[in-house]
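S.K.: I would like the atomic coordinates for the input below:
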Amino acid sequence: MKIKLHHVNLCSTNVPAMDEFYRTVLDLKPEPGLNDTRTPGGGYPGKVAFVSDGTTQLHLAEKDLGVNFRTGQAINPVERGHIAFRTDDIDAFKHRLKEKGIPYSDFGTWAMKGWEQIFFYDPDGNIVEVHQVRE
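M.R.: Okay, here's the model as predicted:
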C-alpha cells in the first residue's frame, strides 16, 4: 500500500480572496480540471479553488458548519480544514485504522467523482483524509 501527501485543505469564508492571495503571493497555479471532478448534484456545495505548486495541491474551501448534519458523519472536513493523502489501497488503509482502533468517517465519493474518501483525527484532533481514486 502506497501513501503520498496529496493536498492541504484550508477553509475560509472568502474563497476568492484566498485564491488570489495564494496565486499572487506564492505564485501557485490553478489546478486544471478539478472543478469538473466535483460530485454533481450533491456532496459539498461550497465554493472551492484548487491551486498547486506543481506537486502538492492546496484546496481552498468555503467553510461549512452544516456538513455533519447533512451527511450524518462524525467528522466535518470543511469546518477548519484537513491534510490529505492519496493511497492505492483504501481498503487496506481502513483495515489498518481498524487494527489500531482509530475510528473514521467514510464519506465514499461524496465530494469528488471517483475519489473514495475517509476522514479521521490525529492525536491532537487535526483532521486527516486518505483517499483513493477509483475510475
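
S.K.: rest of the way, CA atoms for contacts and neighbours
M.R.: Will do.

S.K.: Against which helices or strands is the lowest-mean-pLDDT helix or strand in the chain packed?
M.R.: Within the chain, confidence by mean pLDDT, DSSP states H and E is lowest for helix 34-37 among all helices and strands, at a mean of 72. Judged by 3 or more Cα pairs under 8 Å, 6 or more residues apart in numbering; DSSP states H and E, the packing partners of helix 34-37 are strand 48-52.

S.K.: which strands and helices sit next to the strand it packs on?
M.R.: If you count contacts as 3+ Cα pairs under 8 Å, 6+ apart, strand 48-52 packs onto helix 15-25, strand 29-30, helix 34-37, strand 57-62.

S.K.: For residue 91, which of these is the nearest?
M.R.: Residue 91 sits nearest to helix 34-37 of all these, at 22.0 Å, using Cα to Cα.

S.K.: And that closest one, what's buried?
M.R.: Buried residues in helix 34-37, counted by 16 or more other Cα atoms under 10 Å: none are found.

S.K.: thinking again about what came up before, take the helices and strands packed on strand 48-52 and lay them out in a markdown table including distance to residue 116.
M.R.: Listed next are these as a markdown table, based on distance: least, Cα to Cα, whole Å:
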| stretch | distance to residue 116 |
| --- | --- |
| helix 15-25 | 24 |
| strand 29-30 | 23 |
| helix 34-37 | 12 |
| strand 57-62 | 17 |
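
S.K.: Deepest-packed of those, please.
M.R.: For those, the largest average neighbour count (mean count of other Cα atoms under 10 Å) is found in strand 57-62, namely a mean of 24.

S.K.: okay, that strand in PDB with CA atoms only?
M.R.: Output of strand 57-62 as PDB, limited to C-alpha atoms (Å, rounded to 0.1, in the frame of the first residue of the first chain):
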ATOM      1  CA  GLN A  57      -2.300  20.800  -4.200                       C
ATOM      2  CA  LEU A  58      -4.000  23.400  -2.000                       C
ATOM      3  CA  HIS A  59      -7.800  23.200  -1.800                       C
ATOM      4  CA  LEU A  60      -9.300  26.400  -0.600                       C
ATOM      5  CA  ALA A  61     -12.800  25.500   0.500                       C
ATOM      6  CA  GLU A  62     -15.700  27.500   1.800                       C
END
